[in-house]
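Chemist: Sequence and predicted model, in that order:
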Amino acid sequence: MSVYKNIAEFLEFINISNEKFTLFEWKPARSMRRFDLDLNIIKENPISDIFFHKDKGNMKIVYIRKHNLIYTAGANPRVQYQLLEALLEYIDLKFNEAYDVEVILSYGNFSPGLFERFKQNTEDIIMNFADLDLVKRIHVECRVCNTVLPLFIKKSVIENAESHPVPIVYSHKGHAILCFIDRNFQHRGIELVNITG
Ligand SMILES: [Zn+2]
């Protein structure tokens, strides 16, 4: 639960870019880390509207391309991907509420400080993340670990699904379980799955 309640402590960065440059970046106070290399690779991905995950060992990265913007978040590996996806979905929503991005970018040149005030929005979102009710926490039993594990799932995954139950793969500690989640966020079966990739 603590990761969910205190996601701010586990985040490394949030970045909003277009093809050419960073429009907005949030990092924890005093963080001097740069993520240019990762962001350059991410920008090469042409696929829209699908979340991608990258496990760097000491950091997890989630990113998605939406229209002409690319949203990226990096966090401690303890943060489940679904939490980062939910965060980016909400950041996308609020960023587009705050700015008419299409119009701004069409000007060609704009003040670099224009998106600076979104820092406060981002701080607010991060601090109140658990209260936004974007994610459900359920418990699933893994027969391999022989433990009950918390599984976080975005509400949007279940609410926007075309059919139920919705399968979700929970990969952890070198193996994975496939969990079927119904529309009431109850799990309807858990299987051990074989993995490749
Ligand atoms: Zn397990």
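Modeler: Structure's in. What do you need?

Chemist: show me where this structure has strands.
Modeler: Remark: strands assigned in the chain by DSSP state E are 11-17, 22-26, 52-55, 60-66, 69-75, 135-142, 147-154, 166-172, 175-181, 187-192.

Chemist: Of the ones you listed, which is nearest the ion?
Modeler: Ranking these by their distance to the ion (criterion: CB to the ion) puts strand 135-142 first, at 3.2 Å. For every residue, glycine as well, the C-beta is placed using N, CA and C.

Chemist: What pairs with the closest one, parallel or antiparallel?
Modeler: Sheet pairing of strand 135-142 (DSSP bridges) gives strand 147-154 (antiparallel).

Chemist: ok, back up a step: of the strands of the chain, which approaches residue 40 most closely?
Modeler: strand 11-17 (9.8 Å; CB to CB).

Chemist: With distance to residue 88 added, can I get the strands of the chain in CSV?
Modeler: Below are the strands of the chain laid out as CSV (distance: least, CB to CB, whole Å):
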stretch, distance to residue 88
strand 11-17, 8
strand 22-26, 12
strand 52-55, 11
strand 60-66, 6
strand 69-75, 5
strand 135-142, 12
strand 147-154, 10
strand 166-172, 18
strand 175-181, 21
strand 187-192, 25
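
Chemist: Just put the ones you listed in CSV and tack on mean neighbour count and distance to the ion.
Modeler: Formatted as CSV, the strands of the chain follow (neighbours: other CB atoms under 10 Å; distance: least, CB to the ion, whole Å):
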stretch, mean neighbour count, distance to the ion
strand 11-17, 21, 26
strand 22-26, 19, 33
strand 52-55, 13, 17
strand 60-66, 22, 18
strand 69-75, 23, 21
strand 135-142, 16, 3
strand 147-154, 17, 7
strand 166-172, 16, 6
strand 175-181, 18, 6
strand 187-192, 14, 8
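
Chemist: Including mean pLDDT, could those strands go into JSON lines?
Modeler: Listed next are the strands of the chain as JSON lines, based on pLDDT from 0 to 100:
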{"stretch": "strand 11-17", "mean pLDDT": "97"}
{"stretch": "strand 22-26", "mean pLDDT": "95"}
{"stretch": "strand 52-55", "mean pLDDT": "96"}
{"stretch": "strand 60-66", "mean pLDDT": "98"}
{"stretch": "strand 69-75", "mean pLDDT": "98"}
{"stretch": "strand 135-142", "mean pLDDT": "96"}
{"stretch": "strand 147-154", "mean pLDDT": "96"}
{"stretch": "strand 166-172", "mean pLDDT": "96"}
{"stretch": "strand 175-181", "mean pLDDT": "97"}
{"stretch": "strand 187-192", "mean pLDDT": "95"}
